[in-house]
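In: Output the structure for:
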Amino acid sequence: MKDKILDILKRHYGKWISGERICRDLNISRTAVWKKINALKEEGYEIETKHHMGYRLVRIPDLLLPYEIKSSLDTKYIGREVVYYDSIDSTNDAAKELAERGREHGTVVVAEKQTRGKGRMGRRWVSKACKDVLFSVILYPKIGLAQIAQINMLAVVAVAEALERDFGVKSGIKWPNDLLIDAKKVCGVLLEISAEADCVRYVVLGIGINVNSDESDWPNEIVDRTTSLKLVMGENVSRVKVIRAVLEELELWYEKWRALGFEPILRKWRTWCVSQKRCATVKTLEGEYNGWIEGVNDEGALILRLDDGTKKVFLSADVSLRSI
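Out: Got it, this is the predicted structure:
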């Protein structure tokens with residue numbers, strides 16, 4: 001009912017609408033309207049109340065609220081259920097708990113702030129509250145462990161496509177799942193799974209996008225290699241529009257992958273990739289390797305030609321691009 005009242009207020013944005021009319025349209029009492037209006041105010045919606053005039057919506061908060069995300073979202077299942085947190089340790093951890101309880105395929109967990117955000121290789125994802133887009137998606141693909149990297153790659157393709165489609169921002173993918181603009185990181189993807197033997201039970205796809213962050217928001221050790229959409233575009237960007245665009249592209253590419261397999265994903269990924277035919281240092285838990293990136297194979301694994309001429313294939317690693 002709260003969403004229906006908000007929908008009415010939005011249709012009359014900036015204009016007065018009487019409580020009596022809301023009661024009549026929704027067949028509820030004045031007390032029920034008053035309670036829902038107060039609940040909306042507590043969420044951050046600025047609503048004026050005036051005797052004999054009714055209610056007027058004058059400002060919509062720049063928050064990743066479920067109603068705002070789902071409003072005008074063009075998807076069938078991804079993002080149709082949104083779990084919202086003002087602050088949480090990690091959206092990935094929360095999503096894993098929900099997946100263990102059987103939450104719906106495509107459920108999105110979103111937070112304004114993460115106190116222990118996760119990055120790859122055990123690193124932290126640093127973000128200021130209410131500035132960026134931090135969310136996780138629960139998926140139940142019927143695949144084996146060997147195909148997990150494919151979901152990682154389709155996710156970063158989806159973000160790249162969304163940023164270009166809706167914001168005109170051209171980015172580049174650094175293997176396996178970082179998105180760069182002018183050689184600086186703007187987005188990262190962290191995929192975590194639960195599996196039994198060779199069967200994947202569920203996938204939690206965590207995505208962090210720097211949207212309205214400034215240089216002062218980042219630690220000194222990453223500020224020179226980090227950017228945001230705001231810094232690139234020169235203005236604040238709607239975070240709701242960003243997450244909507246990404247969720248739509250994510251479902252589009254997920255469905256394409258299910259229908260046509262990995263080949264079209266890999267082909268598109270290669271057009272976005274900026275870490276092919278480059279000198280690089282590749283770090284894994286087993287050691288560090290220097291060489292020349294030949295590209296990726298048909299499974300999406302990185303092919304590195306070492307300085308001694310031999311080739312090594314990596315399914316997972318941390319890559320630092322180097323000048324020749």
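
In: count of residues packed around the nearest residue to Glu46 once chain neighbours are set aside?
Out: In space, and not counting its chain neighbours, Glu46 is closest to Arg59: 3.7 Å by CB to CB, 6 or more residues apart in numbering. For the C-beta atoms, the positions are set from N, CA and C on the backbone; glycine is no exception. By other CB atoms under 10 Å, the residues close to Arg59 number 12.

In: Compute the distance between Arg59 and Ile8, please.
Out: Here the criterion is CB to CB, to the nearest Å. By it, Arg59 lies 16 Å from Ile8.

In: For the residue nearest to Glu46, give me phi and psi.
Out: Main-chain dihedrals, Arg59, degrees, to the nearest 10: phi -160, psi 140.

In: so what pLDDT did it get?
Out: We have a pLDDT of 88 for Arg59.

In: And Gly119, by the same measure?
Out: 57.

In: and if you look at Met153?
Out: We have a pLDDT of 92 for Met153.

In: wait, what's in contact with it?
Out: Counting by CB atoms under 8 Å, 6 or more residues apart in numbering, Met153 makes contact with Pro176, Asn177, Ile265, Leu266, Trp269, Gly300.

In: May I ask you to confirm that it belongs to a strand?
Out: No: counting by DSSP: H, G, I helix; E, B strand; the rest coil, Met153 falls outside a strand, being helix.

In: how does the protein divide up, domain by domain?
Out: 2-59, 66-272, 279-322 (automatic domain parsing).

In: Return the member of these having the minimum mean pLDDT.
Out: domain 279-322 (a mean of 86).

In: Tell me how far the residue positioned nearest the centre of the chain lies from Leu179.
Out: Centroid-nearest residue in the chain: Ile207, 3.8 Å away (criterion: CA atoms, centre = their mean). Ile207 sits 10 Å away from Leu179 when distances are taken as CB to CB.

In: buried residues in the lengthiest helix in the chain?
Out: With secondary structure taken from DSSP state H, the chain has its longest helix at helix 239-260. By neighbour count with 16 or more other CB atoms under 10 Å, helix 239-260 contains the buried residues 239-254, 257.

In: same deal with stretch 57-70?
Out: Those would be Leu57, Ile60, Asp62, Leu63, Leu64, Leu65, Pro66, Tyr67, Glu68, Ile69, Lys70, for stretch 57-70 by 16+ other CB under 10 Å.

In: Let me know whether Trp292 touches Cys279 as I believe.
Out: Yes: counting by CB atoms under 8 Å, Cys279 is a contact partner of Trp292 at 5.9 Å.

In: When those two are compared, which one has more neighbours?
Out: Ranked by neighbour count (other CB under 10 Å), Trp292 and Cys279 place Trp292 first, with 17 against 14.

In: three-state assignment of the more buried one?
Out: Assigned with three-state DSSP, Trp292 falls in the strand class.

In: ranking the domains of the chain by burial, who's on top?
Out: Mean neighbour count, computed with mean count of other CB atoms under 10 Å, is highest for domain 66-272 among the domains of the chain, reaching a mean of 18.

In: Having no further points to raise, I will conclude here.
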